[in-house]
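>>> This is a predicted model, with the sequence first.
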Amino acid sequence: MTLETWWLYLGAVVLIACTPGPNVLYVTTRSIRFGLGASFVAMAGCLLALVMMLTGSVAGLSAVLLAVPAAFDVLRYAGAAYLIYLGIQMWRAPDEPETPTADGSPRETSFLSVFRGGFLVGISNPKLLIFAAAFFPQFIIPAAPWGPQFAVLVATFVAVELFFYVVYALSGQRLAVHLLRGVWRRRFNRVSGAIFMGFGAVLLRYRP
């Protein structure tokens with residue numbers, strides 16, 4: 001891969017990553033509800049899922065999913081169900097902030113559950129497999145070794161995604177001052193819940 005090709009790829013990834021999706025929404029809502037520390041744990045879960053999905057796509061998992069529609073449907077329905085579940089949880093979230101426990105973690109959650117939630121949100125979107133299978137080959141030089149090129153593509157994607165996670169998480173901290181309680185927190189919970197459920201509905205309608 002040439003430097004010029006990498007810059008082109010970087011620009012495309014930035015445009016993709018800066019558009020909020022389920023992962024960004026999950027990280028941002030954890031930042032607002034539970035603090036910056038919880039948002040970093042959520043990022044770790046999302047990024048682990050992202051690396052697994054991209055690696056799986058490179059390894060040919062996307063071809064398997066396309067060849068076996070039932071396997072894709074299982075992932076699609078499971079992902080949609082989890083996003084809708086998250087939306088319902090957000091919609092029903094209390095209007096008052098959670099009281100921290102003695103160790104500083106929110107009473108109604110734990111870092112393990114936040115990490116698990118981030119991983120499930122990230123892994124529940126099989127469209128990423130299809131996207132990577134179609135997107136990566138555009139920047140690969142067939143005559144050069146594929147391994148190092150794919151490693152650079154995946155590492156760049158993860159780094160850009162992490163950057164925007166941090167940007168949105170810090171923005172969430174600024175919003176948290178205004179969304180800690182009362183009517184604004186209620187509105188935030190309702191809007192976030194509706195968006196999560198909307199992502200789930202879109203995933204249900206998706207066809208490769």
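It's in.
>>> Going by C-alpha atoms from here, please, whenever you check contacts or count neighbours.
Fine.
>>> hmm, which helix or strand of the protein has the shakiest average pLDDT?
Of all the helices and strands that make up the chain, helix 61-67 has the lowest average by mean pLDDT, DSSP states H and E, namely a mean of 62.
>>> Show me what secondary structure element comes after it.
Later in the chain than helix 61-67, the nearest helix or strand by DSSP states H and E is helix 69-91.
>>> what's the spacing between residue 7 and residue 24?
According to Cα to Cα, to the nearest Å, residue 7 and residue 24 sit 24 Å apart.
>>> what about stretch 186-200, average pLDDT?
When pLDDT is averaged over stretch 186-200, the result is 79.
>>> So if I had to pick from residue 7 and residue 24, which one is more boxed in?
Neighbour comparison, residue 7 and residue 24: the larger count goes to residue 24, with 27 against 11 (by other Cα atoms under 10 Å).
>>> Just to check, the more buried one is in contact with residue 166?
No: with contacts defined as Cα atoms under 8 Å, residue 24 does not count as touching residue 166, sitting 9.3 Å away.
>>> ok, the spatially most central residue of the chain - contacts?
Nearest to the geometric centre of the chain sits residue 23, at 2.1 Å (Cα atoms, centre = their mean). Residue 23 sits next to 46, 118, 121-122 when contact means Cα atoms under 8 Å, 6 or more residues apart in numbering.
>>> Can you flag which of those belong to helices?
If you go by DSSP state H, the contacts of residue 23 have 46, 118, 121-122 in helices.
>>> I'd like to know which of those is nearest to residue 31.
For these, the closest approach to residue 31 (Cα to Cα) belongs to residue 118, at 12.3 Å.
>>> Tell me how many other residues crowd that closest one.
28.
>>> So for the residue nearest to the centre of the chain, what's the pLDDT?
pLDDT, read off for residue 23, is 84.
>>> Relative to the whole chain's centre, how far out is the helix or strand that contains it?
Assessed by DSSP H and E, residue 23 sits inside helix 22-34. For helix 22-34, the gap between its own C-alpha mean and the chain's C-alpha mean amounts to 10 Å (Cα atoms, centre = their mean, to the nearest Å).
>>> Likewise for stretch 47-55?
For stretch 47-55, the separation from the chain centroid amounts to 10 Å (computed by Cα atoms, centre = their mean).
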